[in-house]
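Peer 1: Sequence plus predicted model, see below.
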Amino acid sequence: FEIDPENEEVKLYLAQAYHLVGQNDQAWTLLTPFLQDYDDKPFAAKLLGSVLLAREEKALAEPILLRAAELAPEDLSVALMAADVTISRADASYDNTQMVDFERIASILNNAQVSSSEHQIIKIYLADLDRLQGNHQKAFETYSQLLENSPENGLDQNWRLKFGFGKSAIATGKLEIGLAALQDETSKNPDNLFLLHALSEAYQIADLPGKAQSSAKTALKLAPQSIENILWYANFKTAHNEPEEAVR
């Protein structure tokens, strides 16, 4: 790079090396020019998205990772990154008014599934898309099938499976099953905000206000500076008929 600092390929590989050793600020300095020039460069797009995720800049990373996944449909890792950041944004939205291009994500996952048919994780994300679009019964059936085979494929280690299963079970009227699934997974991942939010809401639906409040407070204490978490908590308080606390 010192010999030829304008060499694009060298610049990208050096940025990748910085990223791999955790020096993401240095990587970002090198990658900034590619923000305007990644549309037909899959390696640059994937690297940009990866570094932005490492810097917690998810909103900026999302469209870049989506493009990277479209440019390299055979790359399972970038397809999963793109799906994760988009679906996580949808699940984190406290009022469910988020704009998500479900068809685009489904296309990316289906293309990845063609080239990586053995990767069952893709099916979790496809079920997530069904759930987020209100197709709860279809999602529940997919999650159930994946859970039945989870010891064989290791999917029981993925918190998203029990999370989605619990949410879709509750949405289809299977409250006890959904609540048990969320309780079980939250006990394994006590610092996971998605699970804590879902469990708090499940307790509320089950008319267990004490447990609902306790789980919600735990979530707030875990990330008191997170805008999304604060908004979720305020919305939770509104639903709990505590408007003054919600305003505060």
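Peer 2: Looks like it arrived, so ask away.
Peer 1: Thought residue 161 was touching residue 189, still the case?
Peer 2: No - taking contacts as CB atoms under 8 Å, residue 189 lies outside contact range of residue 161: 11.8 Å. Quick note: C-beta positions are derived from backbone N, CA and C, even for glycine.
Peer 1: more neighbours, the two?
Peer 2: With neighbours defined as other CB atoms under 10 Å, residue 189 and residue 161 compare such that residue 161 has more, 24 against 14.
Peer 1: Name the residues contacting each of residue 189 and residue 161.
Peer 2: Here residue 189 and residue 161 have no joint contacts, going by CB atoms under 8 Å, 6 or more residues apart in numbering.
Peer 1: tell me which element residue 238 falls in.
Peer 2: Using DSSP states H and E, the element containing residue 238 is helix 227-239.
Peer 1: That helix packs against which elements?
Peer 2: In terms of contacts (3 or more CB pairs under 8 Å, 6 or more residues apart in numbering; DSSP states H and E), helix 227-239 is packed against helix 193-205, helix 209-222, helix 243-247.
Peer 1: Indicate which one of those is closest to residue 231.
Peer 2: helix 243-247 (9.9 Å; CB to CB).
Peer 1: Buried residues, that closest one. List them.
Peer 2: Buried residues in helix 243-247, counting neighbours by 16 or more other CB atoms under 10 Å, are found at residue 246.
Peer 1: Check stretch 119-132 too.
Peer 2: Buried, per 16+ other CB under 10 Å, within stretch 119-132: 120-132.
Peer 1: For residue 82, pull up the helix or strand it's in.
Peer 2: Per DSSP H and E: residue 82 is located in helix 76-92.
Peer 1: pLDDT on that helix, on average?
Peer 2: Averaged over helix 76-92, pLDDT sits at 93.
Peer 1: contacting residues around that helix?
Peer 2: Outside helix 76-92, the residues touching it (CB under 8 Å, 6+ apart) are 42, 46, 49-50, 53, 58-59, 61-62, 65-66, 68-69, 72-73, 98, 100-101, 105, 108-109, 111-112, 115-116, 119, 121-122, 125, 128-129, 132, 193-194, 228, 232.
Peer 1: out of those, which are buried?
Peer 2: Buried among those by 16+ other CB under 10 Å: 42, 46, 49-50, 53, 58, 61-62, 65-66, 68-69, 72-73, 100, 105, 108-109, 111-112, 116, 121-122, 125, 128-129, 132, 193-194, 232.
Peer 1: returning to what we had before: send the alpha carbons of the helix holding residue 82 over as PDB?
Peer 2: What follows is helix 76-92, C-alpha atoms only, in PDB (Å, rounded to 0.1, in the frame of the first residue of the first chain):
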ATOM      1  CA  LEU A  76     -23.900 -17.700   2.000                       C
ATOM      2  CA  SER A  77     -22.200 -15.600   4.700                       C
ATOM      3  CA  VAL A  78     -23.100 -12.300   3.100                       C
ATOM      4  CA  ALA A  79     -26.700 -13.500   2.500                       C
ATOM      5  CA  LEU A  80     -27.000 -14.400   6.200                       C
ATOM      6  CA  MET A  81     -25.500 -11.000   7.300                       C
ATOM      7  CA  ALA A  82     -28.000  -9.100   5.000                       C
ATOM      8  CA  ALA A  83     -30.900 -11.200   6.300                       C
ATOM      9  CA  ASP A  84     -29.900 -10.800   9.900                       C
ATOM     10  CA  VAL A  85     -29.500  -7.000   9.900                       C
ATOM     11  CA  THR A  86     -32.800  -6.500   8.100                       C
ATOM     12  CA  ILE A  87     -34.900  -9.000  10.000                       C
ATOM     13  CA  SER A  88     -33.400  -7.800  13.300                       C
ATOM     14  CA  ARG A  89     -34.400  -4.200  12.400                       C
ATOM     15  CA  ALA A  90     -37.900  -5.400  11.800                       C
ATOM     16  CA  ASP A  91     -38.100  -7.400  15.000                       C
ATOM     17  CA  ALA A  92     -36.600  -4.400  17.000                       C
END
